[in-house]
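Chemist: Here's a sequence, model it:
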Amino acid sequence: MSNEPQFGNVKHVAIAGNIGAGKTTLCTQLSRHFNWEVHYESADDNPYLVDFYEDMKRWSFNLQVYFLNSRFRQILDIQTGAIPTIQDRTIYEDAYIFARNLFDMGLMSGRDYNNYLDLFETMTSQINPPDLLIYLRASIPTLVDHIQARGRDYEGNISLDYLRKLNEKYENWIAGYKGKRLLIINSDELDFANDAEDLGKVINRVQAELHGLF
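Modeler: Model prediction:
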């Protein structure tokens, strides 16, 4: 494990991926290895999350605005701070994946969705994309295994169709990603949560990408 911050010119690394892809686990592992600060997704503190999973149409706009604001504050802290930081999920996923999916499924009205996008575009005009985006690609069986293993009650109502639609949007977003560096990790093939050798492979790939940012 590293004792000093590495790659000092890199300020912002972010991990993207579907629900259950392993983002929080990998954030924790990489932050420990590289001695980075970590910003987790504020899921457990979100006052709308339980209500959302019980009635998605009623609470979708409230939930997404909460996440958007939380992520925006995190990015401002990262970009004005001095410590390299890794972020659990990006502000772009909020808009391009989750809000869009809710709109497409008829769970967010067109009026709310357009209002949300206006807010998103205003916020993102004031920030930069992460120096490195790590996308955790995972199949539906892997996502379900991880979701069941962590046993959050409110996630028990997530349908396979919902996860599938999110995965499709993730793949479309990543295919057209125009940020800085992008690293894709296959969560189906690498058990970085439980296998030290697999974690080492991920760390080596991250280091290789970071070297390219000099």
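Chemist: which regions of the protein lie under the pLDDT threshold?
Modeler: Along the chain, segments meeting pLDDT under 70 span 1-8, 42-44, 151-157, 213-214.
Chemist: can you rerun that using 80?
Modeler: Residues of the chain meeting the criterion pLDDT under 80: 1-9, 41-45, 148-159, 212-214.
Chemist: which residues of it fall in strands?
Modeler: 12-17, 37-39, 85-88, 132-137, 181-186 (DSSP state E).
Chemist: Could you list every helix and strand that the first one packs against?
Modeler: So that's strand 12-17. helix 23-34, helix 56-80, strand 85-88, strand 132-137, helix 160-175 (3 or more Cβ pairs under 8 Å, 6 or more residues apart in numbering; DSSP states H and E). All C-beta atoms are positioned from the backbone trio N, CA, C, and that covers glycine.
Chemist: of all these, which lies closest to residue 124?
Modeler: helix 56-80 (8.4 Å; Cβ to Cβ).
Chemist: check contacts around residue 106.
Modeler: Residues near residue 106 by Cβ atoms under 8 Å, 6 or more residues apart in numbering: residue 57.
Chemist: Could you report the separation of the spatially most central residue of the chain from residue 82?
Modeler: In the chain, the residue lying closest to the centroid (Cα atoms, centre = their mean) is residue 89, at 1.8 Å. Counting by Cβ to Cβ, to the nearest Å, the gap from residue 89 to residue 82 is 23 Å.
Chemist: Pull the contacting residues for residue 88.
Modeler: With contact set as Cβ under 8 Å, 6+ apart, residue 88 has these partners: 15, 23-24, 27, 38-41.
Chemist: what about 10 Å?
Modeler: Listed by Cβ atoms under 10 Å, 6 or more residues apart in numbering, the contact set of residue 88 reads 14-17, 23-28, 31, 38-43, 71, 74.
Chemist: Quick one, which of these are buried?
Modeler: By neighbour count, with 16 or more other Cβ atoms under 10 Å, these hold 14-17, 23-27, 31, 38-43, 71, 74 as buried.
Chemist: Make sure residue 102 is actually in contact with residue 61.
Modeler: Yes - if you go by Cβ atoms under 10 Å, residue 102 and residue 61 touch, sitting 8.4 Å apart.
Chemist: Which of those two has more residues huddled nearby?
Modeler: Using other Cβ atoms under 10 Å as the criterion, residue 102 and residue 61 rank with residue 102 on top: 24 against 21.
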